[in-house]
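Asker: heads up, no residue letters with this:
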Ligand code: SF4
């Protein structure tokens, strides 16, 4: 038991801002310290974002991607993968079904697939927002500022774009042809445009150090994100990192708990990736700071082909089954599934107003 560790927890209790060395101390907790860290993260979660668990239904509408990220099964160099794209009408039909199941947020996610023009996605967002009472998160990768702007005007509420790693050299080595600076610029544009901004990072990437993870947390704080997805790196056999060791559930949970101390107001998901390497991973995450679960509402026939990493859970389940299953284990933890859109509790987003300008038809 280290004095510096408990002094750091005290700083959190006093509402002081944690510095780099404090975060490093927390990440290096021993088993006993970790229990206290998790307990504090859980109580901060309760105090700031409450007891309810928000469900976000993910629609994985295309597994095509122009990028070649070394860790990702969707990379363009993966010739083993059978590719698919859903037509806007099909995406709308899935959105209707998910809204009917009670999802208050839908996440439209794909690889970086320019087959969908800016206008096509804008019209899709607009139609969903006109017809269904849902918040929309877009997660379609890096695009131009004008694209983000049009989608926001069409009604998109949130944008999720993980920075993946805050080490600029590691970033470019893992995501050839792209830069951390470009990614962060995109996140800043999203902020300017009034999105609720989501980012996040992987834990256990080859070449990552505890200091890199501290940088990840500091970057998330600097960006003042409304959501942070923190999940383990899981090596995919169809990528150049097939033989790299993956991230552990233990370290991922620890980073998540520290993230709750650093980002008390943020929505933090219990990630599917964590649930894929530890059968109880999502439940453990909800007990150490997380307050969001993101069930897949993509029809089962497409799910197997959207494998950024292997052995993803819930590949065979249809959306209605997933919903009931998640609700069941959330309640078994003594928590309740939230209703409504689940916007960020931060002041500007509690009752968000969309820009006046509507998308042209
Ligand atoms: S991580 Fe994203 S951008 Fe990179 S290859 Fe995968 S889907 Fe494409």
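Answerer: Structure received. What you see is a predicted model; the values in this text were computed from it and never measured. Numbering: from 1, shown residues only.
Asker: Every contact and neighbour count from this point should use C-alpha atoms.
Answerer: Will do.
Asker: What residues sit buried inside stretch 286-305?
Answerer: 286-299, 302-305 (16 or more other CA atoms under 10 Å).
Asker: let me redo that: stretch 200-210
Answerer: For stretch 200-210, by 16+ other CA under 10 Å, it's 200-206, 210.
Asker: Reformat these as JSON lines; add distance to residue 174 and pLDDT.
Answerer: Below are the buried residues of stretch 200-210 laid out as JSON lines (distance: CA to CA, whole Å; pLDDT from 0 to 100):
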{"residue": "200", "distance to residue 174": "16", "pLDDT": "98"}
{"residue": "201", "distance to residue 174": "13", "pLDDT": "98"}
{"residue": "202", "distance to residue 174": "12", "pLDDT": "98"}
{"residue": "203", "distance to residue 174": "14", "pLDDT": "98"}
{"residue": "204", "distance to residue 174": "13", "pLDDT": "98"}
{"residue": "205", "distance to residue 174": "9", "pLDDT": "98"}
{"residue": "206", "distance to residue 174": "9", "pLDDT": "97"}
{"residue": "210", "distance to residue 174": "18", "pLDDT": "97"}
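Asker: Could you tell me which of these are located in strands?
Answerer: 200-203 (DSSP state E).
Asker: Helices along the stretch 201-350 of the chain, start to end?
Answerer: 210-223, 249-262, 272-277, 281-286, 300-303, 319-332 (DSSP state H, counting those that start in this stretch).
Asker: Kindly report the same for the stretch 51-200 of the chain.
Answerer: 88-100, 118-131, 145-154, 168-174, 180-192.
Asker: Now for residue 302: which residues touch it?
Answerer: residue 84 (CA atoms under 8 Å, 6 or more residues apart in numbering).
Asker: Settle this for me: residue 186 is touching residue 146, isn't it.
Answerer: No - using CA atoms under 8 Å, residue 186 is not in contact with residue 146, being 11.0 Å away.
Asker: Looking only at neighbour counts, state which of those two leads.
Answerer: Counted by other CA atoms under 10 Å, residue 186 and residue 146 do not tie: residue 186 has more neighbours, with 19 against 11.
Asker: who in the stretch 1-150 of the chain is up against the ligand?
Answerer: 65, 67-69, 72, 74-75, 111-112 (CA under 6 Å from any ligand atom).
Asker: Look at the residue positioned nearest the centre of the chain and report its pLDDT.
Answerer: Central residue of the chain (CA atoms, centre = their mean): residue 229, 3.4 Å from the mean position. For residue 229, the model assigns a pLDDT of 98.
Asker: Including distance to the ligand, could the helices of the stretch 201-350 of the chain go into TSV?
Answerer: Shown next, in TSV, are the helices of the stretch 201-350 of the chain (distance: least, CA to the nearest ligand atom, whole Å):
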stretch	distance to the ligand
helix 210-223	17
helix 249-262	19
helix 272-277	14
helix 281-286	22
helix 300-303	14
helix 319-332	22
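Asker: May I see the ones you listed organised as JSON lines, with distance to residue 61 added?
Answerer: Converted to JSON lines, the helices of the stretch 201-350 of the chain look like this (distance: least, CA to CA, whole Å):
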{"stretch": "helix 210-223", "distance to residue 61": "27"}
{"stretch": "helix 249-262", "distance to residue 61": "27"}
{"stretch": "helix 272-277", "distance to residue 61": "17"}
{"stretch": "helix 281-286", "distance to residue 61": "24"}
{"stretch": "helix 300-303", "distance to residue 61": "9"}
{"stretch": "helix 319-332", "distance to residue 61": "14"}
